[in-house]
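Colleague: Sequence and predicted structure, then a few things I'm wondering about:
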Amino acid sequence: MPSNSNGISQWRPVVVEARSRLAADRARLRRQHDRGSPGIQVCSRLTDLLDAVVLRIYEAALQEVGGHAWLSDIALVAHGGYGRRDVAPYSDVDIMLLVAPASESRAVDLARRFTRDVCDSGLQLGFSLRTPAQCCGLAATDATILTSLAESRLLAGNLELFRRFLRRYQRFTRSRSKMLVEMVIKARQAERRQYGETVYMLEPNLKRSGGGLRDVQSIRWIGFIKHGQADLEGLYRLGALTQIDWRRIRRAHDFLLRLRNEVHFHAEKSQDVLNRHEQVRVADKYEYEKIGGMLPVERFMRDYFERTGDVRYISAHFIAGARARSAVTTAVGALFSYRLEQDFRVGPVHISATRKGLPKICGDLTEVLRIMDLANMYNKRIDHPTWEAIRNAMTARLDDAISPESVNRFLSLLSQPGRLADLLRRLHQLRVLERLIPAMQHARCLIQFNDYHKYTVDEHAIRAVQFATELVDDPGVLGEAYRQLHNKRLLHLALLLHDLGKGYEEDHSAVGARIAGDAARRLHLSNRDTETLRFLVRRHLLMPHMAFREDLNDESVAVRLAVEVGSADVLQMLYIHSCADLAAVGPGVLNAWKLELLTELYFRARQQLTGQDASRSVRDLADQRRQAVREQVPASQWDAWWDLQVKALPTTYLLDDSPERIHEVLLKVRECGPEKVTAWSRYLPRRGACVYAVGTYEDVTPGIFHKLTGALTAKGLQILSAQIHTLAENLVLDRFYVQDPDFAGEPPAHRPTDS
């Protein structure tokens, strides 16, 4: 508290009064919270407290500047979280002084005095002074302003001015609804990329991560833009939300509000990250108990993920409805589509049910699996109206028996890479997947409370499947192994099952093997496939343990692996499974070093099983890649330089990148010439990293590798792996795979990301 030289307080009386009231009433509200009051009730009463404090300060400021003479030209407006009355204990207080254009200049002094006293009272203030026209103009270009003003509430001042603003704002948003909805969606997508795209992050941000409060708010904002209604109950009454969705979102919303209040009160400041320490503390405070192999914190976080999973799913569904294609787009899609089996229509982007096929989907799980199988086979998204019908039908038909035809459709779905991971997620969201594989119910939202895994068990399993299916376009050895695999269905199923034994007292691999056996019986797999599936699940950690802990130069290591696996085909699946499992743990876990060790062990063990020289197999593949690079160079441009460089390409480089990219790199270096250095970069979405590369000649920049390492580290970049390739004529190519901790997803333009 500031004081003068005599130690007398410098706070103005209205500020002293505000600070005292805030401290006393926050303490009272915390006691109410600790007694178990619902989150929305505490937030509402906190809003009442803030209203009283803010209005008292506003009245004092008005008295000082003589503002009562022109009250008809101003309105004090709460917006954002404060406007919707779910403000958390230490959240920002967002306030706008809405003024008629004629009074804008004389409102400045009022705004200055008002904001000074609010800030001195200890509140975190977000303030603006705007005319109604300025509100609309700014909202057209700024998603934060757009969404915040959608939740406006009059605190004081001219009611008619506020109503005129609100009517104008509603007309503005409705007239530009398509553009503004896309703006809100893009802003939310960027936020999730930074704070957690998936719901199942193990240290989530309660507000900004996937499934958090921001997704609830997104429904409100888009509801306001599309329907002029931001209230969730109002959207339900308009038919924009189903009754089931409204009830689930309301339940999740109160859970999140109460949890956020708890975290704020405990920290005594704005704190939205639910870190490991807080998870343990909250689980203890909420009196969760250990049951079986599940810790109290794991049971609490399962509840958290159940709620946020509902929010994310309902939010995504609501947004898809808001983005429904226009009549023109629908007509164009119909023009370039064709019927399939009478019940479906395949377009350029989507697959949909026909009028004849829709009732079948709504009446039979087998038909749901049929359209999913077709969507996977043709690599098309299921259009929103069809998916909405599926979702509503499956919600009402949870007790349908699983028929042999449904099993066959599910196995067919597992056979193709296509959109498999996305479709498995959808089946999991519908709770259909656990009817096919009952152990998925236990794994739903089950956290792995350690510093290694980044996702819940079910999310980890589906991410492992996703990594494997994306290998279909991978130019390296791993991609080659996946494309040559005959029984992809069995690999995908093993990846889905491999960690489902977690959360029990017994070793998860042993439990998982029993789960795999049960799944094989339910899916009517052959005896041979059953044994292979059980082996892949029971021994899914075998290759990483051997590759990372034993000396691969010791021939007995590969011999032991070959003896235990017993088949080249099973070894191939185990190799891909091991890499996919590691990649699904979290960003950067499957780094170049681990991949190299697993690949070396794979080739050595394969030699034992097939009698083929492992080094010969690698050389043959490298020679194929080298020839493919040659074919990228037009015959008219081929000369001695190209011949030397292509012959000198290292095997590791040939197997790690595509022939097209290698040709581009060599072309860049050649154009640069022997006296200069050329550098470029590109973002790799699958790895969540950038590759930074430099091509030069050794005598031009001696020690360049160490200099580059220092430069990247100095910029705060995390180097995941580095490769040094020496080509002909002392040409050096250095490549660094790095992650930028300052940015989630692709870094912005000031960090170079593309060649």
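Modeller: Perfect, I can see it now. Numbering: from 1, shown residues only.

Colleague: before we move on, what SS does the residue lying closest to Ser578 once chain neighbours are set aside have?
Modeller: In space, and not counting its chain neighbours, Ser578 is closest to Met543: 4.3 Å by C-beta to C-beta, 6 or more residues apart in numbering. The way it works is simple: take the backbone N, C-alpha and C, and place the C-beta from them, glycine included. Under the three-state scheme (DSSP: H, G, I helix; E, B strand; the rest coil), Met543 adopts helix.

Colleague: so Met543 touches Thr599, yeah?
Modeller: No - taking C-beta atoms under 8 Å as the definition, Met543 is not a contact partner of Thr599, at 10.3 Å.

Colleague: okay, those two: which has more neighbours?
Modeller: Between Met543 and Thr599, counted using other C-beta atoms under 10 Å, the more crowded position is Met543 (24 against 20).

Colleague: rewinding a little: so how far is Gln645 from the residue nearest to Ser578?
Modeller: For Met543, the distance to Gln645 (C-beta to C-beta, to the nearest Å) stands at 35 Å.

Colleague: can you pull out the strands in the stretch 651-755 of the chain?
Modeller: For the stretch 651-755 of the chain, strands defined by DSSP state E, counting those that start in this stretch occupy the ranges 678-684, 689-697, 718-726, 731-739.

Colleague: Check these for me: which has the lowest mean pLDDT.
Modeller: Note on the strands of the stretch 651-755 of the chain: lowest mean pLDDT is at strand 718-726, with a mean of 69.

Colleague: Alpha carbons of stretch 205-225, in PDB - could you do that?
Modeller: The C-alpha trace of stretch 205-225 is given here as PDB (Å, rounded to 0.1, in the frame of the first residue of the first chain):
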ATOM      1  CA  ASN A 205      -5.100 -25.900 -18.900                       C
ATOM      2  CA  LEU A 206      -8.600 -25.800 -17.400                       C
ATOM      3  CA  LYS A 207      -9.600 -22.900 -19.600                       C
ATOM      4  CA  ARG A 208      -7.700 -23.300 -22.900                       C
ATOM      5  CA  SER A 209      -6.900 -27.000 -23.500                       C
ATOM      6  CA  GLY A 210      -9.200 -29.100 -25.600                       C
ATOM      7  CA  GLY A 211     -12.500 -29.800 -23.800                       C
ATOM      8  CA  GLY A 212     -11.900 -26.900 -21.400                       C
ATOM      9  CA  LEU A 213     -14.000 -24.000 -20.500                       C
ATOM     10  CA  ARG A 214     -13.100 -22.200 -23.800                       C
ATOM     11  CA  ASP A 215     -14.900 -25.000 -25.700                       C
ATOM     12  CA  VAL A 216     -18.000 -24.400 -23.700                       C
ATOM     13  CA  GLN A 217     -17.700 -20.700 -24.400                       C
ATOM     14  CA  SER A 218     -17.200 -21.400 -28.200                       C
ATOM     15  CA  ILE A 219     -20.700 -22.900 -28.200                       C
ATOM     16  CA  ARG A 220     -22.000 -19.800 -26.700                       C
ATOM     17  CA  TRP A 221     -20.200 -17.500 -29.100                       C
ATOM     18  CA  ILE A 222     -21.100 -19.400 -32.200                       C
ATOM     19  CA  GLY A 223     -24.700 -19.700 -30.900                       C
ATOM     20  CA  PHE A 224     -24.800 -15.900 -30.500                       C
ATOM     21  CA  ILE A 225     -23.500 -15.400 -34.100                       C
END
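
Colleague: list the contacts for the nearest residue to Ala353 once chain neighbours are set aside?
Modeller: Computed as C-beta to C-beta, 6+ apart, the closest residue to Ala353 that is not its neighbour in sequence is Thr386, at 4.6 Å. Counting by C-beta atoms under 8 Å, 6 or more residues apart in numbering, Thr386 touches Ile351, Ser352, Ala353, Leu358, Ile361, Ile371.

Colleague: With Ala461 instead?
Modeller: Counting by C-beta under 8 Å, 6+ apart, Ala461 makes contact with Ala443, Leu495, Leu496, Leu497, His498, Asp499, Leu500, Ala584.

Colleague: immediately after the helix or strand encompassing Val216, which helix or strand?
Modeller: Val216 belongs to helix 213-227 when assigned by DSSP states H and E. Using DSSP H and E, the helix or strand that directly follows helix 213-227 along the chain is helix 232-238.

Colleague: what helices or strands is that following helix leaning on?
Modeller: The helices and strands touching helix 232-238, judged by 3 or more C-beta pairs under 8 Å, 6 or more residues apart in numbering; DSSP states H and E, are helix 213-227, helix 243-267.
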